[in-house]
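[1] A structural model of the following input is requested.
(one chain, ligands or ions: 1)
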Amino acid sequence: MDNITPQTGHRHYGMVAYDQAGKPICHVCGRSFNALLTHVRHVHKMEPRAYKLTYGLNVTKGILSEKTQSKLKAAVSKNLEVVLENLSRGVRYQEGHQGRTRDKLSEQGRQRLIQYNKERHPKQNPTP
Ligand SMILES: [Zn+2]
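    Model prediction:
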């Protein structure tokens, strides 16, 4: 099998090719990037899932250079407790970031939160 993408005739259909430095090569433009999917989203205006489906890639797997992957792995093991807690809450960790505290919420966001809580817990927050 030659691994040619049906729509574009691009090589490497169903697989990710890497350059000599270990960076994954973009199926669209042929250039290589540490974080390929970030490039795809910004430059080609394509969501990672659509990109992976178009080029026959596994939608559940990330595409990173080995260098970026080991940097992320190191950051995860360094902050494992925070990462696990954030994963369970569905948020991501960024070093040095304090999160969005109550005083940082915009007035509009604060009003939405109040409204949301009223709808969610009508007994605790009775509307006057
Ligand atoms: Zn590209």
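[2] skipping adjacent residues, who's closest to residue 52 in space?
    residue 59 (4.7 Å; CB to CB, 6 or more residues apart in numbering). In short, each C-beta sits where N, CA and C put it, glycine included.
[3] wait, I meant residue 19
    residue 32 (4.1 Å).
[4] any idea how far that neighbour is from the ion?
    Separation of residue 32 from the ion (CB to the ion, to the nearest Å): 9 Å.
[5] who does that residue bridge with?
    residue 25 (DSSP bridges).
[6] what residues are up against it?
    Shown in contact with residue 32 (CB atoms under 8 Å, 6 or more residues apart in numbering): 18, 19, 21, 23, 24, 25, 26, 65.
[7] buried only: go through these for me.
    23, 24, 25, 26, 65 (16 or more other CB atoms under 10 Å).
[8] and the two most separated of these?
    Maximum pairwise distance among the buried ones among the contacts of residue 32 (CB to CB): 12.3 Å, between 26 and 65.
[9] quickly list what's touching both of these two.
    Counting by CB under 8 Å, 6+ apart, the residues touching both residue 26 and residue 65 are 32, 33.
[10] tell me the pLDDT at the nearest residue to residue 37 once chain neighbours are set aside?
    If the residues on either side of it in the chain are set aside, residue 37 comes closest to residue 48, at 4.2 Å by CB to CB, 6+ apart. Residue 48 carries a pLDDT value of 93.
[11] spell out which residues of this protein are next to the ion.
    26, 28, 29 (CB under 5 Å from the ion).
[12] what's the host helix or strand of residue 50 in contact with?
    Residue 50 is part of helix 48-54 when elements are defined by DSSP states H and E. Outside helix 48-54, the residues within contact range by CB under 8 Å, 6+ apart are 5, 7, 27-28, 37, 40-41, 44, 46, 57-59, 63.
[13] correct me, but residue 26 touches residue 37?
    No: the criterion here is CB atoms under 8 Å, and residue 26 misses it with residue 37 at 9.8 Å.
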